[in-house]
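A.B. asks: With the sequence up front, the predicted model follows.
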Amino acid sequence: MGSIRFNDGDYETAFEYWTKATGLRDVGSHYNLSLLYKKGLGVEKDKKNQLHHLEAAAIGGDHVERNDLAIVEWNNGKHERAIKHWIIAATLGDDNAAKYLRERYVGGLVCKEDLLLLFGHIRQPLMQQKVYRGRQPQNMRFVTISMAKAARRVSHEGGGRGCSGARHDTKSR
């Protein structure tokens, strides 16, 4: 019902429905509320509430929300947390998260050990993970193959900075 109200432009009523739905532990409603707070639709813009609902949605297990949370964390200067979220999202099959990690590795912002950890998880059968709740991503085979190829490239090339000593940043601690 919240989505119907949202599509009709009635953001205040959509907010009310989605707020009630979050009380019933509906993960999608948390994500929708994070968007309302981000854009200021029916509520005042509020980064704290946006982040709260985005975290709740990401913890609920959807890789898209996890990737969005990583982007917010990165933009807030919390690079270590962002990288962890991207690793989780990529492990869940999110191609964009894997792309962001690869870009940051090439730029020297992600260490080789983090990528190898990710690729080790990708090689495991993805459908054994609880987070899919019975859904099979259409691109699962492609993700597994492309991530395995990327892992071979990473293990043979330089780049990225090492994880020993100071890690990705100091702001996230």
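C.D. replies: It's in.

A.B. asks: From what I see, V72 and H52 are in contact.
C.D. replies: No - between V72 and H52 no contact is recorded; they are 11.3 Å apart, counting by C-beta atoms under 8 Å. All C-beta atoms are positioned from the backbone trio N, CA, C, and that covers glycine.

A.B. asks: check contacts around T13.
C.D. replies: Listed by C-beta atoms under 8 Å, 6 or more residues apart in numbering, the contact partners of T13 are G2, R5, G42.

A.B. asks: If you rank those residues by neighbours, which is first?
C.D. replies: The most crowded member of these, judged by other C-beta atoms under 10 Å, is G2 (23 neighbours).

A.B. asks: Figure out the helix or strand that L116 lives in.
C.D. replies: Using DSSP states H and E, L116 maps to helix 112-123.

A.B. asks: my bad, should have said A56
C.D. replies: Assigning secondary structure by DSSP H and E places A56 in helix 47-59.

A.B. asks: now K20
C.D. replies: Using DSSP H and E, the secondary-structure element containing K20 is helix 11-23.

A.B. asks: Can you list the buried residues in that helix?
C.D. replies: Of the residues in helix 11-23, Y11, T13, A14, F15, Y17, W18, T19, A21, T22 count as buried by neighbour count, 16 or more other C-beta atoms under 10 Å.

A.B. asks: Put the alpha carbons of that helix into CSV.
C.D. replies: As requested, the backbone C-alpha atoms of helix 11-23 are provided in CSV (Å, rounded to 0.1, in the frame of the first residue of the first chain):
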residue,chain,number,x,y,z
TYR,A,11,4.6,10.7,0.3
GLU,A,12,3.3,11.3,3.8
THR,A,13,0.9,8.4,3.7
ALA,A,14,3.5,6.2,2.1
PHE,A,15,5.8,7.1,5.0
GLU,A,16,3.1,6.1,7.5
TYR,A,17,2.6,2.7,5.8
TRP,A,18,6.3,2.0,5.5
THR,A,19,6.9,3.0,9.1
LYS,A,20,4.2,0.5,10.2
ALA,A,21,5.7,-2.2,7.9
THR,A,22,9.2,-1.7,9.5
GLY,A,23,7.6,-2.5,12.8
